[in-house]
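Chemist: Sequence and predicted structure are below.
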Amino acid sequence: MSKKVLIVGGGIIGICSAYFLKKDGFDVTIVDKSSMNTGASYINAGYLSPGHIIPLASPGVISQGLKWMFDSSSPFYIQPRLNIPFIKWLLAFNKSCSEKNVENSIRPIIDLSVFSQELLNQIKTENQMTFHYEKKGLMMLCKSEKSLCKEEEIVKKAVESGLSAKMLSVDDIKSIEPNINIDTIGAAYFGSDHHTTPGELISELKKFILDNGVNCLKNTEIENFEIDRDKIKSVKISGKSVRFDEYVLSAGTWTSKICNKLGIDLLLQAGKGYSINHHKQTGITCPAILVEAKCAITPMNGFSRFSGTMEISSINNKLRMNRVNAIADSVESFYPSIKIPQSDRKSAGFGFRPISADGLPYIGRTKKLKNVLIATGHGMMGWSMSTGTGKIISELISEKNTSVNIDRFNPNRKF
């Protein structure tokens, strides 16, 4: 008799976990408090980016964040507040902003990201899926020499780690994007990066798991957990006590609240990000990041998406128009021929990215409860690492060796 697995959270990580668990013969149920069609999994930049080798917790991030703390339109905004979980996270994050953390993170980030790309290609081919997926690389566009020098250092690290990466001149950029004028002094280019249209990909994955017998409980919350010594014995859902053999916590930012109920201390904060969909023809064909503005440009299927900002704040549904306008204005600055109308700006969406205390995801079993696995904390790399994370969760529950080394992703790690 196959194990019964409950996945808490139906975003891209939960759905990918369900996909591989079902493939491996498990009885899978997803429970999600939303309708499973909103959030960061739907409004992200759609990147599959092994080239993003530097974790969020890196030297200079906190000092820059402090400078921007009282500017709510800044690319990286930390909302000051007296909150014990936030303070504990901030202290651990500050400690992690080191060269050592960067050096120890590059290989694990690349391995999981490349593995995820391979799996997504396999999923698309095996199941004859038609979601938009292109392999055009990613440009890091710069307006200052300082930014260009930093990108050159990252390119060097990427090449040393086996990735395809190089620096681009203005003429090189023009040859990649001949149909649009870009105001930049140069760029880094990561040829190993791919991109997708998130809504298409996640819709096809959801249809597949539903068609193959995964039970999805939408708009449903777990009311209570029953603990028996070192395991979850059962959960109460819609007034009924239900038993499962294994529990996967992949509810993004909300995972820390679930962990608190279970007596597990998981350092996690919400990083709100915004995106604007622009349906007019732009001429953009290659994804790009506007380095100084920390804004992502993605040519999706039928529209362009402009996304960005990192707002470390309490979970709230407030849409800060000054942050949306900062994204739109930066796009118009780098791409002078693009004008983003107020209608696009007012229709902007947002989602919460789960940010760990060192910029790396939490993937694996907890020490406290033997039948609980955590899969969250991917930050801005959730889309890049989703299929790999899902495969690893299935391997752990199947008691197999994992396809990539996950020591750095241990959810029990100390800070």
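Modeler: Nice, thanks for sending it over.
Chemist: Just the helices from the stretch 251-400 of the chain, written as ranges.
Modeler: In the stretch 251-400 of the chain, the segments counted as helices under DSSP state H, counting those that start in this stretch are 255-261, 321-334, 342-346, 382-397.
Chemist: The shortest one: which residues count as buried?
Modeler: Okay, so that is helix 342-346. Residues of helix 342-346 classed as buried by neighbour count (16 or more other C-beta atoms under 10 Å): D344, R345. Just so you know, the C-beta spots here come from the backbone N, C-alpha and C atoms, and that holds for glycine as well.
Chemist: from the middle of its chain, how far away would that helix be?
Modeler: 25 Å (C-alpha atoms, centre = their mean, to the nearest Å).
Chemist: Which neighbouring elements make contact with that helix?
Modeler: strand 268-278, helix 321-334 (3 or more C-beta pairs under 8 Å, 6 or more residues apart in numbering; DSSP states H and E).
Chemist: now do the longest one
Modeler: Secondary structure elements in contact with helix 382-397, counted by 3+ C-beta pairs under 8 Å, 6+ apart, are helix 12-23, helix 40-43, strand 47-48, helix 99-126, strand 246-249, strand 362-365, strand 372-376.
Chemist: Quick one: these as CSV, columns for mean pLDDT and distance to T309 too.
Modeler: Listed next are these as CSV, based on pLDDT from 0 to 100; distance: least, C-beta to C-beta, whole Å:
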stretch, mean pLDDT, distance to T309
helix 12-23, 98, 20
helix 40-43, 90, 12
strand 47-48, 96, 16
helix 99-126, 97, 21
strand 246-249, 98, 27
strand 362-365, 98, 23
strand 372-376, 98, 21
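Chemist: N410 is nearest to which of the ones you listed?
Modeler: Between N410 and the helices and strands packed on helix 382-397, the tightest spacing by C-beta to C-beta is seen for strand 362-365, at 5.5 Å.
Chemist: Can you list the neighbours in contact with that closest one?
Modeler: Residues outside strand 362-365 that contact it (C-beta atoms under 8 Å, 6 or more residues apart in numbering): 266, 268, 356, 372-377, 389, 392-393, 396, 406, 409-412.
Chemist: So among these, which ones count as buried?
Modeler: So, by 16+ other C-beta under 10 Å, the buried ones in those are 266, 268, 356, 372-377, 389, 392-393, 396, 406, 409-411.
Chemist: Report the buried residues of stretch 216-236.
Modeler: C216, L217, I222, F225, I232, V235.
Chemist: picking that back up, and the helices of the stretch 251-400 of the chain as a markdown table, adding mean pLDDT and distance to I110?
Modeler: As requested, the helices of the stretch 251-400 of the chain are exported to a markdown table (pLDDT from 0 to 100; distance: least, C-beta to C-beta, whole Å):
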| stretch | mean pLDDT | distance to I110 |
| --- | --- | --- |
| helix 255-261 | 95 | 25 |
| helix 321-334 | 95 | 27 |
| helix 342-346 | 97 | 35 |
| helix 382-397 | 98 | 10 |
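Chemist: Pull the contacting residues for L148.
Modeler: C142, M167, I185, G186, A187, A188.
Chemist: In three-state terms, label it for me.
Modeler: Each residue gets one of three states, and L148 gets helix by DSSP: H, G, I helix; E, B strand; the rest coil.
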